[in-house]
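Novice: please find the sequence and the predicted model below.
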Amino acid sequence: MTVKSRRFPWATNPGQTKLVKDFKFQDFKTAWLFMNKVAIEAEKIDHHPDWSNSYNMVHIELTTHDKGIITEKDINLANQIDSIVDNIRSDTR
């Protein structure tokens, strides 16, 4: 299953309980900038991703933990994340 956010498709895990996506940036600094911006937005809406970072790669999983499924909260955060990626990539060109 794939869920379309505003711009980019997000895959789901095998149980279809999480949106998942990997992001690749030009370097560690840009990946960290991205994570910082996502963290600020996640705090504002009190909905936090499960994620990991290795150098220029960021892996994100979104789920609504108290429901155990993908909800509108996850899709909305995915849309915000996609916007952040767009802004970072346009700023670093």
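Specialist: Sure, I can see it. Residues are numbered from 1 along each chain as shown.

Novice: could you look up the SS state of S90?
Specialist: Local secondary structure at S90 is given as helix here, using DSSP: H, G, I helix; E, B strand; the rest coil.

Novice: please, where are all the strands along this structure?
Specialist: 2-4, 9-12, 19-24, 50-54, 57-62 (DSSP state E).

Novice: of all these, which lies closest to D86?
Specialist: Comparing the strands of the chain against D86 with CB to CB, the closest turns out to be strand 19-24 (11.6 Å). Using the backbone N, CA and C atoms, a C-beta is placed for each residue, glycine as well.

Novice: what's next to the closest one, contact-wise?
Specialist: 3, 8, 10-13, 31, 34, 56-63, 70, 74-75, 78, 81, 85 (CB atoms under 8 Å, 6 or more residues apart in numbering).

Novice: any of those residues buried? List them.
Specialist: Burial by neighbour count, 16 or more other CB atoms under 10 Å: within the contacts of strand 19-24 this picks out 3, 10, 12, 31, 34, 56, 58, 60-63, 70, 74-75, 78, 81, 85.

Novice: what's the neighbour count on H65?
Specialist: 10 (other CB atoms under 10 Å).

Novice: from S54, how far off is it?
Specialist: The spacing between H65 and S54, counted by CB to CB, to the nearest Å, is 24 Å.

Novice: how about T63?
Specialist: 21 Å.

Novice: over to M35?
Specialist: 12 Å.

Novice: between those two, which is the more surrounded one?
Specialist: M35 (19 against 9).
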